[in-house]
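[1] Predicted model follows, preceded by the sequence.
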Amino acid sequence: PAVQGRQVEHGELVSSKTVRCCDGILEGSINARPFRRRTSLRTRMSRMSSGQGPRLSDLEVDLPSLISDTRPLRSNTLNTLPNRADQLEASALDDELVEILSEQLRRVLSLCRSEVVEAVRPEIDAIFHAIIYSFSVWSGAQTPGNVFQNLIFIDSRTYNVSRTLGKPMTTRQKVLHAMVFVLLPWLWARGSRYLAKHEWGAMGEQDWRYRVWKAVQRMESFHKLVVVLNLVVFLRRGRYRSVGERIIGMRVIPKDPSLTRALNFDYMNQVLAWQTLQEVLSSLRPIVVRNASR
């Protein structure tokens, strides 16, 4: 059957270079046709170049469509790696949620005695971390940050890149997650406060308490270095956004890879509107109070 498509400008003869190019294109596009058909086309194109046969305008040939048929097919597979910004934002959202909840509780308890509330601040943060952990990771659900960013926790050892599948976290990984992200931060914060309160760093260099304080400082510096190195590797490969996840062997993948990232500014607009209203009322308050006093 004749090839349907656009026509070349009327009356234009084809050069020998164009004939060779078109010959290759036609051979690649009709590769499944018999050899006799390809030979007849080559003969017709040669006659066109010598001016003995019909012009190329007599054939309804769509060269762009033929070229596109010979190009290799591109992969339509979805990106199985989540956006690095999504992973970091999910972790930041979880931390900010704990900070907001603990800050509200500290404000309520500060009405009684502020110094007591500040003394138990590590315990308050650990309680909220434990609450979020129990209702998300331990129960098989996802953290609020992962839900907002369309991410899920999986066991990295069972991840299949081609199928975008992975098994959920095991019980052992969930227990390690509680130890790494709930228990260890509380122990570190409480131990650092204890050393600072009793001034172990001010002891003599021969005192064992000073050596313990020095070892803690070195461990903290080493931890910061490891965090920076893990961040560099994460930005390069897109896996294991924290050192704890790398140790446990857990990672996050998109829950639905077909979903695109969409930013919702409704909450931000509400916050800006309320902040603007608060500033207006604060500026009007002195005027109202002065008029009322008169």
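    The structure has been received and is ready for your questions. Numbering: from 1, shown residues only.
[2] what's Ser258 sitting at in phi/psi?
    Backbone torsions for Ser258, taken as degrees, to the nearest 10, come to phi -80, psi -10.
[3] what about it, distance to Tyr240?
    24 Å (CB to CB, to the nearest Å). Bear in mind the C-beta positions are built from the backbone N, C-alpha and C, glycine included.
[4] Which one of those two is surrounded by more residues?
    The residue with more neighbours, out of Ser258 and Tyr240 and counting by other CB atoms under 10 Å, is Tyr240; that gives 20 against 6.
[5] how about that one, what does it touch?
    Under the criterion of CB atoms under 8 Å, 6 or more residues apart in numbering, the neighbours of Tyr240 are 156, 230, 233-234, 246, 251.
[6] what residue ranges in the protein score low on pLDDT?
    Flagging of the chain using pLDDT under 70 yields the residue ranges 1-81, 160-165, 260-265.
[7] Mind naming the longest helix for it?
    helix 208-237 (DSSP state H).
[8] if we can go back for a sec, nearest to Glu115, of the contacts of Tyr240?
    Asn230 (36.7 Å; CB to CB).
[9] And the closest one, how far from Asp94?
    The gap separating Asn230 from Asp94 is 18 Å, by CB to CB.
[10] Give me the more crowded residue out of those two.
    The neighbour comparison of Asn230 against Asp94 (other CB under 10 Å) goes to Asp94, with 20 against 17.
[11] Check the secondary structure at the more buried one for me.
    Assigned by DSSP: H, G, I helix; E, B strand; the rest coil, the conformation of Asp94 is helix.
[12] So it is in contact with Pro144, correct?
    Yes. In this structure Asp94 lies within contact range of Pro144 using CB atoms under 8 Å: 6.3 Å.
[13] Now the common contact residues for the two.
    Applying CB under 8 Å, 6+ apart, one finds that Asp94 and Pro144 are jointly contacted by Ile132.
[14] OK, contacts around Leu195?
    The neighbours of Leu195, taking CB under 8 Å, 6+ apart as the test, are 201, 212-213, 216.
[15] Next, it: secondary structure please.
    Of the three states, Leu195 takes helix according to three-state DSSP.
[16] How about Gly204?
    Of the three states, Gly204 takes coil under three-state DSSP.
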